[in-house]
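> sequence and computational prediction follow.
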Amino acid sequence: MDGGWAHRPVLVTEAVELLAPADPFVVVDCTVGLGGHAEALLRASGGRARLVGIDADDENLRLCKARLAPFGERVRLFQANFAELPEVMDAAGVSAADVLLADLGVSSNQLDDPSRGLSFLADGPLDMRLDRRIARTAADLVNGLAESQLADLIYAYGEERYSRRIARRIVEARKRRRIERTLELAGLVAAAYPRAAGKTRRGAHPATRTFQALRIAVNDELASLERLLSLLPSVLAVGGRAAVISFHSLEDRRVKQSFARWASTGGAELLNRKVIRPGRQELAANPRSRSARLRAVERVA
């Protein structure tokens, strides 16, 4: 087994139960990653379901292809952003999805690879691109944005209350030399934190929110999510179900509000009014699942 498969997909049982696979049907996995959710949905379908898998990361697609190889021609994989969903479905010859899933989390192999620059716990280039075809890196933002722009970005996408202190510290440091490494940035953020504030984070590293903000900005994650949510009424078949797994309030808020608006028009029905979170057993086996939130909807008209 390839080491990348060690990633544990979150809320798999809950997602499969909510999406209620029925055979035959078309599954669109908007963030197929290493194929954990896709494999579970294909196995639950009974044998004839087709899957269209989308992911921005070419390396994860390579690993996913190997994992889903036993399903043969029932699986088609595309390197793309899920904001390009209509184009991908057209290329796959699919007019509508009966099941659609988007797991918005970053996979463990991406987080644990220092060369991706996603972690403040290991030294690596300040990259953060989930799609290597993106031109702009986190280093470009850190070194190129004006202090006010950098502070606004960290506040808006990281909900970081000390965003202005952090931006000021970064700008002062980059006057001496360009900031290129993850541990260097993490150290600057930690140094910008008031001592008393550091004790209130309950074990969270001070750089957590800043790194989240930069990753969201580099990959344009929130705009892509809003695009996907706006597409659901046109890409989901009547009776089709969609589920989104989010990992922070900026994502979950958008999913909750979008599903509620759609349901208020009579075009959809909420499948869970209370957000679904990992249970004790999953949390014990996979602590990284602790932030996961699952919401699902069914198109009824």
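That came through, no problem.

> what segments of the stretch 101-250 of the chain are strands?
Assigned by DSSP state E, counting those that start in this stretch, the stretch 101-250 of the chain shows strands spanning 236-246.

> show me where pLDDT drops low in it?
The stretch 101-250 of the chain contains residues with pLDDT under 70 at 196-203.

> any idea how far the residue sitting furthest away from the middle of the chain lies from residue 188?
Farthest-out residue of the chain from its mean C-alpha position, per C-alpha atoms, centre = their mean: residue 176, at 34.5 Å. Remark: distance between residue 176 and residue 188 (C-beta to C-beta, to the nearest Å) = 11 Å. Every residue, glycine included, has its C-beta placed from N, CA and C.

> give me phi/psi at the most centrally placed residue in the chain?
Central residue of the chain (C-alpha atoms, centre = their mean): residue 104, 2.3 Å from the mean position. Torsion angles at residue 104 (phi, psi; degrees, to the nearest 10) stand at phi -80, psi 0.

> equivalent analysis for residue 53, please.
Per-residue torsions, residue 53: phi -110, psi 130 (degrees, to the nearest 10).

> that one contacts residue 80, correct?
No: using C-beta atoms under 8 Å, residue 53 is not in contact with residue 80; the gap is 10.1 Å.

> for these two, indicate the residue with more neighbours.
residue 53 (25 against 17; other C-beta atoms under 10 Å).

> residue contacts, the more buried one?
With contact taken as C-beta atoms under 8 Å, 6 or more residues apart in numbering, residue 53 is in contact with 29, 32, 35, 38, 61, 64, 68, 75-78.

> what count of nearby residues applies to the closest residue in space to it that isn't next to it in sequence?
Nearest non-adjacent residue to residue 53, counting by C-beta to C-beta, 6 or more residues apart in numbering: residue 32, 3.3 Å away. Other residues lying near residue 32 total 31 when counted by other C-beta under 10 Å.

> and the residue farthest from the centre of the chain, how far from residue 185?
Counting by C-beta to C-beta, the gap from residue 176 to residue 185 is 14 Å.

> and stretch 98-110, end to end?
29 Å (C-alpha to C-alpha, to the nearest Å).

> name the residues of that stretch that are buried.
Using 16 or more other C-beta atoms under 10 Å as the test for burial, stretch 98-110 gives 98-110.

> and what of stretch 264-273?
Using 16+ other C-beta under 10 Å as the burial criterion, the residues of stretch 264-273 that qualify are 267-268, 271.

> just the residues you listed: which are in strands?
Members of the buried residues of stretch 264-273 lying in strands (criterion: DSSP state E): residue 268.

> out of the buried residues of stretch 264-273, which comes closest to residue 205?
Nearest to residue 205, judged by C-beta to C-beta, of the buried residues of stretch 264-273 is residue 271 at 35.2 Å.

> that closest one contacts residue 14, doesn't it?
No: counting by C-beta under 8 Å, residue 271 stays clear of residue 14, with 10.7 Å between them.

> verify the contact between residue 131 and residue 219 for me.
Yes: assessed by C-beta under 8 Å, residue 131 is found in contact with residue 219 at 7.0 Å.

> end-to-end on stretch 168-184?
So stretch 168-184: terminal residues 15 Å apart, C-alpha to C-alpha.

> what residues of it count as buried?
For stretch 168-184, a neighbour-count test (16+ other C-beta under 10 Å) marks 169-171, 173-174, 179-180, 182-184 as buried.

> who's in contact with residue 219?
Per C-beta under 8 Å, 6+ apart, neighbours of residue 219: 56, 128-131, 134.

> separation between residue 189 and residue 166?
In this view, residue 189 and residue 166 are 5 Å apart by C-beta to C-beta.

> need the overlap of contacts for these two.
Listed as contacting both residue 189 and residue 166 by C-beta under 8 Å, 6+ apart are residue 210.

> who's more crowded, those two?
With neighbours defined as other C-beta under 10 Å, residue 189 and residue 166 compare such that residue 166 has more, 28 against 25.

> what's the closest non-adjacent residue to that one?
residue 192 (4.5 Å).

> my read: the one you found touches residue 163, true?
No: Residue 192 is not in contact with residue 163 according to C-beta under 8 Å; the separation is 9.4 Å.

> can you show me the helices along this protein?
Counting by DSSP state H, one finds helices in the chain at the ranges 12-19, 36-44, 58-67, 85-92, 108-111, 138-144, 147-158, 163-174, 182-192, 195-198, 208-219, 221-235, 249-264, 280-285.
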